[in-house]
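Asker: starting from these lines, generate the structure:
(2 chains)
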Amino acid sequence: MQISGAQMVIEAFIAEGVDTVFGYPGGAIMNVYDEIYKQDKFEHILNRHEQASVHAAEGYSKASGKVGVAMITSGPGFTNAVTGLADAYMDSIPLVVISGQVPMFLIGTDAFQEIDAVGISRSCTKHNYLVTDVKDLPRILKEAFYIARTGRPGPVHIDIPKDITAQMGEFDYDIELDLETYKPHTKGNPRQIKKAIEAIANAKRPLFYLGGGIINANAAYEVREFVQKTGIPAVETFMARGVLSHDDELLIGMLGMHGSYASNMAMSETDLVIGLGVRFDDRVTGKLSEFAKNADVIHVDIDPASISKLVNADYPIVGDVKNVVADMLEQVGKIDKDKYESWRETIINFNELHPLTFHEDSERLKPQWVVKRVGELLGDDANISTDVGQHQMWAGQFYPFTRPRQFVSSSGLGTMGFGFPAAIGVKAASPEKTSINFTGDGSILMNVQELMTAVEKKIPVINIILNNNFLGMVRQWQTLFYDKRHSETDLSVQPDFVKLAEAFGGIGYRVKTKEEFDAALKDAVEKNVVAFIEVIVHRMENVMPMVPSGGSLFNMMLLEKKGDK
Amino acid sequence: MTEENQRRVVSVIVVNEASVLSRITDLFSGRGYNITSLTVAPIPESKYSRLTIVTAGSVRVIEQITKQLHKLIPVLRVYEHEDMVEKEMAMIKLPISENLSDINTLCEAYNGKIVNAGENTIIAMVADEPKRIDNFLKAIKRYNPKEIVRSGAVALER
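Answerer: Next comes the predicted model:
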């Protein structure tokens, strides 16, 4: 049967089981939007900015584990979406993003709303396509979904000229994909796995270094079993929060620039790093030459290019971490759990020496308290998104995560404005959970128009704005490293956030005390509406502990003990 | 580990499709690697093309380059050559007033000859290892070359 290119896009979505598409129409993509109008198989959510559409698709994907889908028009529609593509690329989030393009006969003529979209997206996608023949479209659509979700996942961009979406062609989605040049390794080398197990059994102070790849591979429960059965302590990256439950005794905490003292010291003292789905990001390792200096390294990752990129792997294992950990579990009997008792005690001592904590203040709320309090009140019932900055680190440090896919944040790219649209996508994927977005007074304004999206579609995201009237993280660096010259970070001039939420049809709260906060959160959850809870917090609070950029993990700036001001 | 910049030759087999070359060159520029020379041509009777890239870097950088190249979807195979036969071609335009038999003899020493003669100029070509091409170009200088073009290296594993 002959159908149009636009219909092919719809049929491919249906065949892929897509239930939600985030997007924004425009001239070059109108044929496809016409088909969206005619169908009732999936929902389209109209964001108020293309960047937000891609972030929402990311949030949807992270919460559901499915491929997120976004659709935008050519020119500015596409360029607005680029930040989202780059964000998804950095955090390995599977997306298919479809953009309209000017008709084939206008390409290269500097036509209205024309831009070389594939030229721009090449460096921030896993793969991209410019469709030049409607006959190729079914195959390209199928390849795009396949490439996005397999191997190391990532965003795939398809640019479709307007005349291609109008042309008729045969649609057969049952075609076998023939990707001779793309065959990800998913099974780990058995010999390497055996060697790695032997290395673990021989180590005195081994340490799990858990990364976001575990969540991508849906391997968190296998990893939990592996950790339990070996009795080896574990640190998580920011991306891996929720792999282990916060109350797991073997979880030391988050490591890196704002990791806990015990986590970073454990990494500095270990003799064997067991890296699972990690990539040794600079925010994690600090000074590379001092990172886990006395340790051998086991590195399991689906992406061969991640292995020995920054830290040499003594036991490199290329494979899907779920398969590799399952294979390792078969040999777990070789590992003597009791052997690491004194190592575990060492770590407990680290933790007692400098626990991850903060000091309360009698006058103003501390932002860390707010995060902890949401954890106490909602805990497992909430999915947590964040924007980027201090609040993001406090969320990573203090929220009691209990499960994978509970935490969604812009980790690699660090995109301010990510949180609110992502939380919309999270809620669309997981409506039974409360969707919380921790944000700051800086970040929230970078995609504040999403109030309209959330209100229109009745997607009750609760935005908790930790308002310190500062671009807090930059202010913190200025305080610490720029002799308190707070250049362009004072955000004292602000909108009325309560009225702002109300202007869009949401609900707003401004709170200054613990009681007010509890009441506002309770009210927002009960009313089940789009909300801003603006929390006036201590202005000069710093995220601690901190490894200064380029410093060694064991050389941390620590929270001042109470009283030693 | 040595961090010295070693000359390396990498061959890449790619699907012969639109934009594949820019995927490769974008990867080099985006990650701060240098391309010394690059040659591309289709492989006969196949859907693939072969690229020969001469680059420089430490062992670790070269390892990253080959891994990143392999990560590109249309890349079938990447060879980092160790033991190879490597050749490059050069063409030189010279005034016809120079000593043609001297020039021809010099070219012959480098697998070449005079391939074209016009009213005012001749064109000579040589094909040899890139290092020897360097030497040839030094030697030919005395005959006042007007234009020189090098092809970039191609290589085959022994």
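Asker: hey, let's count contacts and neighbours off CA atoms from now on
Answerer: Fine.
Asker: which element, helix or strand, includes A:Gly505?
Answerer: A:Gly505 belongs to no helix or strand when assigned by DSSP states H and E.
Asker: what about it, how many residues close to it?
Answerer: For A:Gly505, the tally of surrounding residues (other Cα atoms under 10 Å in any protein chain shown) stands at 17.
Asker: any idea how far A:Ala422 is from it?
Answerer: 20 Å (Cα to Cα, to the nearest Å).
Asker: show me where the stretch 101-250 of chain A has strands.
Answerer: Taking DSSP state E, counting those that start in this stretch as the test, the strands found in the stretch 101-250 of chain A are A:127-130, A:155-161, A:168-170, A:206-210, A:234-236.
Asker: the fourth one pairs with which strands, parallel or anti?
Answerer: Taking DSSP bridges as the criterion, strand A:206-210 sits next to strand A:234-236 (parallel), strand A:272-276 (parallel) in its sheet.
Asker: pLDDT weak spots in the chain?
Answerer: If you meant another chain, say so; for now it's chain A. Applying pLDDT under 70 to chain A picks out residues A:563-565.
Asker: hm, I was asking about chain B
Answerer: Within chain B, the stretches with pLDDT under 70 are B:1-3.
Asker: write out the residues of it neighbouring chain A.
Answerer: Residues of chain B lying close to chain A (Cα under 8 Å from any Cα of the partner chain) are B:15, B:23, B:26-27, B:30, B:60, B:64, B:67-68, B:71-77.
Asker: and these, which are buried?
Answerer: Buried by 16 or more other Cα atoms under 10 Å in any protein chain shown: B:15, B:23, B:26-27, B:64, B:67-68, B:71-76, out of the residues of chain B next to chain A.
Asker: okay, and the beta partners of B:Asp116?
Answerer: Wrong residue type there; residue B:116 is Asn, not Asp. Residues in a beta bridge with B:Asn116, per DSSP bridges, are B:Ile123.
Asker: burial count for it?
Answerer: Residues lying near B:Asn116 (other Cα under 10 Å) number 11.
Asker: what residues are up against it?
Answerer: B:Ile122, B:Ile123, B:Ala124 (Cα atoms under 8 Å, 6 or more residues apart in numbering or on different chains).
Asker: just put the residues you listed in JSON lines and tack on neighbour count.
Answerer: Shown next, in JSON lines, are these (neighbours: other Cα atoms under 10 Å in any protein chain shown):
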{"residue": "B:Ile122", "neighbour count": "19"}
{"residue": "B:Ile123", "neighbour count": "20"}
{"residue": "B:Ala124", "neighbour count": "21"}
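Asker: please tell me I have it right and A:Leu553 contacts A:Leu288.
Answerer: No: A:Leu553 lies out of contact with A:Leu288 (Cα atoms under 8 Å); the separation is 9.4 Å.
Asker: who has more neighbours, those two?
Answerer: A:Leu553 (31 against 18).
Asker: what packs against the lengthiest helix in chain B?
Answerer: Taking DSSP state H as the criterion, chain B has its longest helix at helix B:59-71. Applying 3 or more Cα pairs under 8 Å, 6 or more residues apart in numbering or on different chains; DSSP states H and E, we find helix B:59-71 packed against strand B:6-15, helix B:20-30, strand B:75-80.
Asker: ok and that helix relative to strand B:75-80, angle-wise?
Answerer: Note on geometry: by axes from the mean of the first three to the mean of the last three Cα atoms, to 10 degrees, helix B:59-71 and strand B:75-80 are set 160 degrees apart in direction.
Asker: what angle do helix B:59-71 and strand B:6-15 make?
Answerer: On the basis of the same axes, to 10 degrees, helix B:59-71 is oriented at 10 degrees to strand B:6-15.
Asker: what lies in contact with helix B:59-71?
Answerer: Under the contact criterion Cα under 8 Å, 6+ apart, helix B:59-71 has outside partners A:304-305, A:309, B:1-3, B:6, B:8, B:10, B:12, B:24, B:27-28, B:33, B:56, B:75-80.
Asker: from the residues you listed, which would you call buried?
Answerer: Buried among those (16+ other Cα under 10 Å): A:304-305, A:309, B:8, B:10, B:12, B:24, B:27-28, B:33, B:56, B:75-76, B:78, B:80.
Asker: in what helix or strand does A:Gln51 lie?
Answerer: Using DSSP H and E, A:Gln51 sits within helix A:50-64.
Asker: and after that helix, which helix or strand comes next?
Answerer: strand A:68-72.
Asker: distance check, A:Ala63 against chain B.
Answerer: 26 Å (Cα to the nearest Cα, to the nearest Å).
Asker: mind listing what that residue touches?
Answerer: Contact analysis of A:Ala63 by Cα under 8 Å, 6+ apart lists A:Arg405, A:Gln406, A:Phe407, A:Val408, A:Val426, A:Ala429, A:Ser430.
Asker: 7 Å instead?
Answerer: Residues in contact with A:Ala63 (Cα atoms under 7 Å, 6 or more residues apart in numbering or on different chains) are A:Arg405, A:Gln406, A:Val426, A:Ala429, A:Ser430.
Asker: most neighbours, which of those residues?
Answerer: A:Val426 (33 neighbours).
Asker: now it: phi and psi?
Answerer: The phi/psi pair for A:Val426 (degrees, to the nearest 10) reads phi -60, psi -40.
Asker: ok so, going back, chain B: which of the contacts of A:Ala63 is nearest?
Answerer: Ranked by distance to chain B (Cα to the nearest Cα), those are led by A:Arg405 at 26.4 Å.
Asker: so how far is A:Asn216 from the residue lying closest to that closest one once chain neighbours are set aside?
Answerer: Of all residues not flanking A:Arg405 in the chain, A:Ala63 sits nearest, at 5.0 Å (Cα to Cα, 6 or more residues apart in numbering or on different chains). Applying Cα to Cα, the value for A:Ala63 to A:Asn216 is 10 Å.
Asker: measure the one residue in chain B that gets nearest to chain A to A:Gly151 for me?
Answerer: Residue of chain B nearest chain A, by Cα to the nearest Cα: B:Leu76 (4.5 Å). Using Cα to Cα, B:Leu76 is found at 16 Å from A:Gly151.
Asker: next up, the contacts around B:Glu86.
Answerer: B:Glu129, B:Ala153, B:Val154, B:Ala155, B:Leu156.
Asker: can you list the residues you listed in a markdown table and add neighbour count and secondary structure?
Answerer: Listed next are the contacts of B:Glu86 as a markdown table, based on neighbours: other Cα atoms under 10 Å in any protein chain shown; DSSP: H, G, I helix; E, B strand; the rest coil:
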| residue | neighbour count | secondary structure |
| --- | --- | --- |
| B:Glu129 | 18 | coil |
| B:Ala153 | 22 | strand |
| B:Val154 | 25 | strand |
| B:Ala155 | 20 | strand |
| B:Leu156 | 14 | strand |
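Asker: quick one: the helices in the stretch 151-300 of chain A?
Answerer: A:162-166, A:190-202, A:213-216, A:220-230, A:261-269, A:282-285 (DSSP state H, counting those that start in this stretch).
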